[in-house]
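Undergrad: quick check, what structure comes out for this input:
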Amino acid sequence: FKSQDRVRLFDFASIPTVTEGSTYANLAWDDARETYTAVKKGSLVVVTREAILNDDIDSIRRIAPKLAIAAGITINEFVYNLITSNPTMADSTKVFDDGTQTAHSNRLTTALSATALQSAATLLMKQTNSASKRLNLRPAYLLVPPDLLFTAMTLVSSTLVPGSMNNDINVLKGMMTPIAVPQFTDVTDWYVFADPRMAEGIEIGFVGGRETPELLMQDGPAEGQVFTNDQMSYKVRWEFGGGWLDYRPAVWAQVAGSYR
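TA: Now for the predicted structure:
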């Protein structure tokens, strides 16, 4: 639960030429540090002896899977809040440009369309590393609110350009995977992310490396509340945290609404 430091080494520029008999040039280096802290998520569900005996429709058996679903929702909300909240990074800049900040070149203001997707892909490919060298990042995921899922699927699945009167090949076909995010409440905004293997954007860390929630049950007849109160307890626990490591692998299309 201590603050987790993630150090990103700055990039080197092109390797210089060394002429015969000359000394190799010394390349200066530096790094940047992002931090986040894990938290403990958890709750109890208490069931009395009377409730167990009177449970005619097996509702109590559904407690465990319902807790598992709640845990999934919890981590989804955590991750997608990291996106929509547009947090400030260690260098005092926001992850996404917001209309006032323009240094990251990762914001569009156009509605989801084939042309807009090509613009987002171009922004990713033109992103530069800390040595001002282009990274040529390729889009892998298109994150949209449920309202835009079918539009997104059409744009990246059609053989021909959707809505075109010509028989033009759809160059976006198969380029990225559309993902509907129920936590996205702005029905017009959308995001494009590069493959995380090319550049790390968001990191999620789990205490002890446990990537799944723990479900514990206290039901020993001679222990705790089972003994003193005839109450059985379910406990769910999950310990994780996360944050942005780099802004470069993502593009935000802010079509409507106020700046975040």
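Undergrad: put the alpha carbons of stretch 234-241 into PDB.
TA: Listed next in PDB are the C-alpha coordinates belonging to stretch 234-241 (Å, rounded to 0.1, in the frame of the first residue of the first chain):
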ATOM      1  CA  TYR A 234     -19.400 -13.300   3.300                       C
ATOM      2  CA  LYS A 235     -16.500 -10.900   2.700                       C
ATOM      3  CA  VAL A 236     -15.100  -9.700  -0.600                       C
ATOM      4  CA  ARG A 237     -11.700  -8.000  -0.700                       C
ATOM      5  CA  TRP A 238      -9.600  -6.700  -3.600                       C
ATOM      6  CA  GLU A 239      -6.500  -4.500  -3.300                       C
ATOM      7  CA  PHE A 240      -5.300  -2.600  -6.300                       C
ATOM      8  CA  GLY A 241      -4.300   0.800  -7.700                       C
END
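Undergrad: which residues in the stretch 151-260 of the chain form helices?
TA: Per DSSP state H, counting those that start in this stretch, the stretch 151-260 of the chain carries helices over the ranges 224-229.
Undergrad: what about it, any weak spots by pLDDT?
TA: Low-confidence segments of the stretch 151-260 of the chain (pLDDT under 70): 257-260.
Undergrad: hmm, try it at 90
TA: Within the stretch 151-260 of the chain, the segments meeting pLDDT under 90 span 159-170, 197-200, 216-232, 234, 256-260.
Undergrad: run through the strands of the stretch 1-150 of the chain in chain order.
TA: Here the stretch 1-150 of the chain has its strands, by DSSP state E, counting those that start in this stretch, at 3-9, 31-37, 39-48, 107-108, 139-144.
Undergrad: weakest of those in terms of mean pLDDT?
TA: Ranked on mean pLDDT, the bottom entry among the strands of the stretch 1-150 of the chain is strand 3-9, at a mean of 74.
Undergrad: list the buried residues of it.
TA: Arg6 (16 or more other Cβ atoms under 10 Å). From N, CA and C alone the C-beta is placed, and that goes for glycine too.
Undergrad: among the strands of the stretch 1-150 of the chain, which is the most enclosed?
TA: strand 139-144 (a mean of 22; mean count of other Cβ atoms under 10 Å).
Undergrad: which strands or helices does that strand pack on?
TA: Strand 139-144 is packed against helix 114-126, helix 149-157, strand 177-180, strand 190-194, with contacts defined by 3 or more Cβ pairs under 8 Å, 6 or more residues apart in numbering; DSSP states H and E.
Undergrad: now these in CSV, with mean neighbour count and distance to Thr100?
TA: Output for those, formatted as CSV (neighbours: other Cβ atoms under 10 Å; distance: least, Cβ to Cβ, whole Å):
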stretch, mean neighbour count, distance to Thr100
helix 114-126, 18, 18
helix 149-157, 17, 28
strand 177-180, 16, 28
strand 190-194, 25, 19
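Undergrad: in a markdown table, list the strands of the stretch 1-150 of the chain along with distance to Val226.
TA: Output for these, formatted as a markdown table (distance: least, Cβ to Cβ, whole Å):
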| stretch | distance to Val226 |
| --- | --- |
| strand 3-9 | 38 |
| strand 31-37 | 35 |
| strand 39-48 | 10 |
| strand 107-108 | 56 |
| strand 139-144 | 45 |
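Undergrad: go through the ones you listed and name the closest to Leu216.
TA: Proximity to Leu216 (Cβ to Cβ) singles out strand 39-48 among the strands of the stretch 1-150 of the chain, at 9.5 Å.
Undergrad: quick one: the closest one to chain centroid distance?
TA: 26 Å (Cα atoms, centre = their mean, to the nearest Å).
Undergrad: then stretch 134-141?
TA: 16 Å.
Undergrad: again with stretch 225-239
TA: 33 Å.
Undergrad: to Thr188, which of the strands of the stretch 1-150 of the chain lies closest?
TA: strand 139-144 (9.7 Å).
Undergrad: rewinding a little: Asn54: which of the helices and strands packed on strand 139-144 is closest?
TA: strand 177-180 (39.9 Å).
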